[in-house]
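In: give me a model of this one.
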Amino acid sequence: MEGLSEISGMSSQMRVIISCAIIVAAYLVDFLCCKLLVPLMRKVAERTSFNWDNYLTRGNVLHNVFHLIPPITFQVALPLLYPGQTQWTELLSKGLSIYIIVIACRLVCGFITSLYDISTESEALRNKPMKGVYQMLKVIVVGIGVILTIGVLIEKDFTTLIAGLGASAAVLMLVFKDTILGLVAGVQLSAHDMLRPGDWIMLEKFGIDGVVEEVTLNTVKVRNWDKTITTIPPYVLVSDSFKNWRGMRESDGRRVARSLRIDMNSIRFCTPEEIQRFSGMEWAEGLDIDRETVNLKLFRVSVEHYLRGLASVNRGMMLMVRQLEPTSEGLPLQLYFFTVEKDWIPHENIASDVIEHVIASMPSFGLRVFQRPSGMDVRG
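Out: Sure thing, here's the model as predicted:
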C-alpha cells in the first residue's frame, strides 16, 4: 500500500520517465535475448540427438516469445503508473492488448509451421497430405485473433462475440465455402490415405495425368507428364473418382495387357511335319501333339513358356495368354503379365520386346497377324 501511495504521489514528469525506463529496459531485454540467447539455444539444439528442437529454434518462435516481454511488461505497469483511468491510458491499453494478440498469433502460427516441418521428418507422416490441416489450424488461430481484437476495440468478451457470430454463420459459410470444403476433403484424403504428395493420379474429367506435387487447404497441385501444372480443389478428389497409381508402385510388378489380332484364316490343324518339329521343343514337353492339335494352341503354349522364362517378367503374379471374343478384325490373343520394372521406360521396353518376339514367331506356326489391307497390301 505504501508503494502504491508513493506512485500515486509522483509527478507526471516522473511517471513519464519511469514509463520510458520500463519500455527501454523491456526492449533491451528483448534485444539481448534475440541476439544472444536465441543463437545459443540454436547451437545447443544442433548438438542434441533429435531434430525437432532444431525446427523450433530455426524459425521465429523464440523471437516472438521474447517480443512479448515489452508489451506485457508495460501492460502490467500501466495501471500502476497511471491509476486514474483516462482516455489516453485506455487507448494505450487497447493498443498494447492488440499488439500482444498479434504477437501471440504470430507465435502460435510459427509453432504450427515448426510442427509441420517436424512432421515432414516423420516416416509415418512424411507422405501424408498434412499441409492443409496445418493451414486450417493457422486460419483458426488468425480467426481467434481477429475476434479478440474486435472484442478489445468494442469492449466485448470473446464468448459474447462468438454468440453474435451465430447470426452471421450463413454468410461466413458462404465466404469460407472453399476453405471448409477443403478442410473436410483434406481430412478424408488423409484419414483414408487416398492421396499423398508424389502419387501419380489420373482424372480424365479435368485432363489430369501426372504427379501430385503439393496438397494444401484449397488446392491440389499436379504436374502433368507434359510438364503443365493443374490445380484443383481437394473436394473434387472426394466428390469425383480418380485413379491413383500408387498401388502399382507399391506392388511387385506393373501390368502388361496387350492383344494381337490373329487372322482366323490362318488357324488350322497342324501338319505332320509341324507335329514332328514341335514335339521336340522344350515348351512342348508333356504336351500330347497329334493331328487334332491346332497351331494356335501350340502358339499359345510357346508364348506362355517364353514369358515364364524371362527374368524381366514377375512369374509370381498373374501370367496368361488368352483368347478374347472374336471380331470381324480377327481373333484377339491377349498377353497378360506383369513386368518386374515399374518405371515407365524400362516397362515399355520390356513390353515392346515381348510383342516383337511374338509377332516374329507367328510365321513358324503358320499364323498371320490380321491387318486391314493398305499400301503394299493392295496390288492390281
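
In: is it correct that Arg315 is in contact with Phe338?
Out: No. Using CB atoms under 8 Å, Arg315 makes no contact with Phe338, being 9.0 Å away. Using the backbone N, CA and C atoms, a C-beta is placed for each residue, glycine as well.

In: so who does the closest residue to Asn224 other than its chain neighbours touch?
Out: Nearest residue to Asn224 in three dimensions, chain neighbours excluded: Gly210, at 3.7 Å (CB to CB, 6 or more residues apart in numbering). By CB atoms under 8 Å, 6 or more residues apart in numbering, Gly210 lies in contact with Trp200, Ile201, Val222, Arg223, Asn224, Trp225, Thr230.

In: pull the distance from the one helix or strand the fourth one maps to to the chain's centre.
Out: Arg223 is part of strand 220-224, with elements assigned from DSSP states H and E. Between the mean C-alpha point of strand 220-224 and the mean C-alpha point of its chain there is a distance of 10 Å (CA atoms, centre = their mean, to the nearest Å).

In: can you list the residues that contact whichever helix or strand comes after that strand?
Out: Using DSSP H and E, the helix or strand that follows strand 220-224 in sequence is strand 229-232. Strand 229-232 is contacted from outside by Leu203, Phe206, Gly207, Ile208, Gly210, Glu213, Thr219, Val220, Lys221, Val222, Arg223, Asn224, using CB under 8 Å, 6+ apart.

In: in the host helix or strand of the fifth one, what's buried?
Out: Spelled out, it's Gly210. In this assignment (DSSP H and E), Gly210 forms part of strand 208-215. Using 16 or more other CB atoms under 10 Å as the test for burial, strand 208-215 gives Ile208, Asp209, Gly210, Val212, Val215.

In: now, which of those sits nearest Thr120?
Out: Distance to Thr120 across the buried residues of strand 208-215 (CB to CB) is lowest for Val215, with 12.7 Å.

In: I figured the closest one hits Pro234, correct?
Out: Yes. Using CB under 8 Å, Val215 is in contact with Pro234, at 6.8 Å.

In: on that earlier part again, ok, and the most crowded of the contacts of strand 229-232?
Out: Among these, Val220 has the most neighbours (other CB atoms under 10 Å), with 28 neighbours.

In: and Arg315 and Phe338? Which one has more around it.
Out: Phe338 (21 against 14).

In: for the more buried one, give me the pLDDT.
Out: Predicted confidence (pLDDT) for Phe338: 96.

In: of all pairs in the buried residues of strand 208-215, which one is the farthest apart?
Out: Asp209 and Val215 (17.3 Å).

In: the stretch 201-350 of the chain: strands as residue ranges?
Out: 208-215, 220-224, 229-232, 243-244, 254-262, 320-323, 331-339 (DSSP state E, counting those that start in this stretch).

In: ok and the second one relative to strand 208-215, angle-wise?
Out: Strand 220-224 runs at 140 degrees relative to strand 208-215, counting by axes from the mean of the first three to the mean of the last three CA atoms, to 10 degrees.

In: give me the contacts around strand 220-224.
Out: Contacts of strand 220-224 (CB under 8 Å, 6+ apart): 195, 201, 207-215, 229-234, 236-237.

In: again, only using 6 Å
Out: Ile208, Asp209, Gly210, Val211, Val212, Glu213, Glu214, Ile229, Thr230, Thr231, Ile232, Pro234 (CB atoms under 6 Å, 6 or more residues apart in numbering).

In: could you work out the most separated pair of those residues?
Out: Checking the contacts of strand 220-224 with CB to CB, the most distant pair is Asp209 and Pro234, at 18.3 Å.

In: same list (the contacts of Gly210) but as CSV, adding pLDDT and distance to Thr293.
Out: Shown next, in CSV, are the contacts of Gly210 (pLDDT from 0 to 100; distance: CB to CB, whole Å):
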residue, pLDDT, distance to Thr293
Trp200, 93, 45
Ile201, 94, 47
Val222, 95, 52
Arg223, 95, 53
Asn224, 95, 50
Trp225, 93, 46
Thr230, 94, 54
